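[1] Structure here, sequence nowhere to be found:
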């Protein structure tokens, strides 16, 4: 992925350090195409039979995720718990991110891409980083916006 290669190059050259996560959305007709790398999240709020329904559209790529943990361990890494938080090699809580050169063999930038069909009952989509999702549930966010 070109953007990740550029970030890693700049990090190696001393121009930046660290990493980033992202969630994107493209709406085409009645399809919502999402890509997610890291612990950003997208949810859909719909009203079906006059009852609000919240659906998580993306996967949180955290070290605590069983599939991510397995991938990390298969590539020679470890998931260690530090103060109750699962971390890649005891350092980073996300299992996918752009940058983070020191862990780039274990923390990948590959996005997960999903397609969701949109319906007339769908009200809105919320996309945010872990700054929101670490302190509010999907349902709390939906209720706050409604």
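    Nice, I can see it. This structure is a prediction, so every number in the text was calculated from the model and none was measured. Numbering: from 1, shown residues only.
[2] mind listing what residue 125 touches?
    With contact set as C-beta atoms under 8 Å, 6 or more residues apart in numbering, residue 125 has these partners: 25, 32, 42, 43, 44, 45, 57. To be clear about C-beta, it is placed using only N, CA and C from the backbone, and glycine gets the same treatment.
[3] ok, 6 Å please
    42, 44 (C-beta atoms under 6 Å, 6 or more residues apart in numbering).
[4] give me the element it is part of.
    In this structure, residue 125 sits in strand 122-128 according to DSSP states H and E.
[5] list the buried ones in that strand?
    Buried residues in strand 122-128, counted by 16 or more other C-beta atoms under 10 Å: 122, 125, 126, 127.
[6] between the residues you listed, which is closest to residue 82?
    residue 127 (28.0 Å; C-beta to C-beta).
[7] The closest one contacts residue 22, correct?
    No. Contact criterion C-beta atoms under 6 Å: residue 127 and residue 22 do not qualify, at 9.5 Å.
[8] returning to that earlier point: next helix or strand past the strand holding residue 125?
    helix 130-133.
[9] Would you mark the buried spots in that following helix?
    In helix 130-133, counting by 16+ other C-beta under 10 Å, buried: 130, 133.
[10] Show me how far that helix is from its chain's centre.
    Put simply, helix 130-133 sits 10 Å off its chain's centre (C-alpha atoms, centre = their mean, to the nearest Å).
[11] same thing with stretch 85-97?
    Using C-alpha atoms, centre = their mean, the offset of stretch 85-97 from its chain centre is 13 Å.
[12] what ranges of this structure fall below the confidence cut-off?
    By pLDDT under 70, the weakly predicted segments of the chain are 1-17.
[13] Can you get me the start-to-end distance on stretch 88-105?
    Taking C-alpha to C-alpha, to the nearest Å, the first and last residues of stretch 88-105 lie 11 Å apart.
[14] So what touches it?
    Under C-beta under 6 Å, 6+ apart, the answer for stretch 88-105 is 4, 7-8, 11, 18-21, 37-39, 61-63, 68, 72, 77-78, 80, 82, 85, 87, 106-109.
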